[in-house]
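Peer 1: Mind folding the following:
(chains A and B)
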Amino acid sequence: MIDKKFKIANKIFKSRLIVGTGKYKSFSECAKAIKTSGADIVTVAVRRVNISNKNKARLMDYIDPKKITYLPNTAGCFTAEDAIRTLRLAREIGGWKLVKLEVLGDKRNLFPEMIETLRSTELLTKEGFKVMVYCNDDPLMAKRLENAGAVAIMPLAAPIGSGLGIQNKTNIKIIRSQTKLPLIIDAGIGQASDATIAMELGCDGVLINTAIAKAKNPFQMAEAMKLAVISGRKSFLSGRINPNLFGSASTSNKGII
Amino acid sequence: MNIKNKIKITVNGKQMQIIPKFSLKSLITKLKMPLNKIAIELNKKIIDKKRISKIKLKKGDKIEIVHFIGGG
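Peer 2: Prediction:
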C-alpha cells in the first residue's frame, strides 16, 4: 500500500519522527542522534544568549536550519502572552512560522494549560503562525484547537519526560477518528514499542526527546525509534487481523498422519 | 570619555555601562553576536535587525538578546 505523504501546513516531510534537541550531553551528540533518527524536523527553544561567554557553542552551528526544519517551541511558558512573545522572537531569528505551542499549567506534572493554549492558538493563527499544538488527550479540546486554526494536534501520551508510554489509547483513537489534521503524539514516549503503538493507533507522527536523549545509548535508541515509527505506520496501513479469543491453527490438518 | 557620562542599560538581565548615543548595532558588535542567529528585544519590543544602526540606546534601556537552544 502506498502511503500518503506526511504533510504539515502544506509542507511535505520525509520522516514521521520529529525529535527534540534538549537534554543531550553536547551539541555534537545531539546532532549525531538527529542524523541517526532520520528526522527532518527538530524542536528548539528560545532562550537568552550568554553574554559573558561570547565564544560558547550554538545549536545553529551544529544543526543547519537550511537542511533540517527548526520547530521553535514555547517551553517554559505559562501564559498566552509568554508564548506569543517567545514565538515572535523565534520568528525574528529567521522567519520561522511553523511553531510548536506548549503552554504549561503545572510545574510538577507539566500538563498543558488548555484554556491558555486555546487562546494562544487563536492569537498566533491570526498573526500568521502555523501552530502545532501540544495538548492533553481530550477529544473535545482537540476539536476546539482545530476550529481555532491549529495545523497539527499533538496530544501527550503521558507527562513530558516521564517515559510512561500511551496512557489513554481510547482517547487517541477518538481524536484520530474526528480529525484529518496531522495527529502527532508529543511527550511521554519511553521506548520503541510506545512509538509503534502510537503509529498503529493511526497517528501521523511521533515527537520524541527524552527517550532518545537520556537513553544509555542515544544513537542506538534514535535508530530504534526511527524503525519503530516506520514499523508502526506499515502495520497500521496493512490492516491487522481481527483479535480473537480462541486459537486458529496456522497449519492445515489435511494429510495429517 | 569621563566615566560620569556613561549610562546604565540592562542586557539579558545584567547591567552594562555604555557611552551616550551608543547604537544598538555597536552593542551587538561589541558582544560579538552573529545577527543571523539572534533576535533582539528593546524594552519588550522586537527590533527589526535591519534598523539596529539607527537605534541609539538610552539610560535604563532593557535589551534582551535570544537565540535557539536545545528543547523538546
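Peer 1: which bits of chain B sit near chain A?
Peer 2: B:11-14, B:31-34, B:36-41, B:44, B:46, B:49, B:64-72 (Cβ under 8 Å from any Cβ of the partner chain). Every C-beta, even on glycine, is put in place using the N, C-alpha and C of the backbone.
Peer 1: Inside strands: which ones of the residues you listed?
Peer 2: Among those, the subset assigned to strands under DSSP state E consists of B:11, B:14, B:39-41, B:46, B:64-70.
Peer 1: And those residues, which of them are buried?
Peer 2: B:11, B:39-41, B:64-70 (16 or more other Cβ atoms under 10 Å in any protein chain shown).
Peer 1: Count the neighbours of the closest residue to chain A within chain B for me.
Peer 2: Nearest residue of chain B to chain A (Cβ to the nearest Cβ) works out as residue B:71 at 2.8 Å. Look at residue B:71: counted by other Cβ atoms under 10 Å in any protein chain shown, it has 24 neighbours.
Peer 1: mind listing what it touches?
Peer 2: A:20-22, A:43-45, A:73, A:75, A:209 (Cβ atoms under 8 Å, 6 or more residues apart in numbering or on different chains).
Peer 1: Need the pLDDT of the closest residue to residue A:3 other than its chain neighbours.
Peer 2: Spatial nearest neighbour of residue A:3, excluding adjacent residues (Cβ to Cβ, 6 or more residues apart in numbering or on different chains): residue A:237 at 6.1 Å. pLDDT for residue A:237: 97.
Peer 1: Need the three-state assignment for residue A:237.
Peer 2: Classification of residue A:237 using DSSP: H, G, I helix; E, B strand; the rest coil returns helix.
Peer 1: what's the burial count for it?
Peer 2: What residue A:237 shows, counting by other Cβ under 10 Å, is a neighbour count of 14.
Peer 1: re earlier: near chain B, list only the ones from the contacts of residue B:71.
Peer 2: Counting by Cβ under 8 Å from any Cβ, A:20-22, A:43-45, A:73, A:75, A:209 from the contacts of residue B:71 sit close to chain B.
Peer 1: how about the ones in strands among the residues of chain B next to chain A in JSON lines, adding pLDDT?
Peer 2: Below are those laid out as JSON lines (pLDDT from 0 to 100):
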{"residue": "B:11", "pLDDT": "96"}
{"residue": "B:14", "pLDDT": "94"}
{"residue": "B:39", "pLDDT": "96"}
{"residue": "B:40", "pLDDT": "97"}
{"residue": "B:41", "pLDDT": "97"}
{"residue": "B:46", "pLDDT": "96"}
{"residue": "B:64", "pLDDT": "97"}
{"residue": "B:65", "pLDDT": "96"}
{"residue": "B:66", "pLDDT": "96"}
{"residue": "B:67", "pLDDT": "95"}
{"residue": "B:68", "pLDDT": "95"}
{"residue": "B:69", "pLDDT": "95"}
{"residue": "B:70", "pLDDT": "95"}
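Peer 1: Could you point out the member of those residues that lies closest to residue B:23?
Peer 2: residue B:40 (12.1 Å; Cβ to Cβ).
Peer 1: Give me the nearest residue to the closest one, chain neighbours excluded.
Peer 2: Computed as Cβ to Cβ, 6+ apart, the closest residue to residue B:40 that is not its neighbour in sequence is residue B:47, at 4.6 Å.
Peer 1: you'd agree the one you found is up against residue B:23?
Peer 2: No. Look at residue B:47 against residue B:23 with Cβ atoms under 8 Å: they stay out of range, at 11.4 Å.
Peer 1: So for residue A:74, what's the nearest residue that isn't a sequence neighbour?
Peer 2: residue A:83 (4.1 Å).
Peer 1: for residue A:201, same thing?
Peer 2: residue A:172 (5.1 Å).
Peer 1: Double-check that that neighbour belongs to a strand.
Peer 2: No. Residue state for residue A:172 (three-state DSSP) corresponds to helix; a strand is not indicated.
Peer 1: ok, now which ones touch residue A:8?
Peer 2: A:98, A:130, A:132, A:151-152, A:182.
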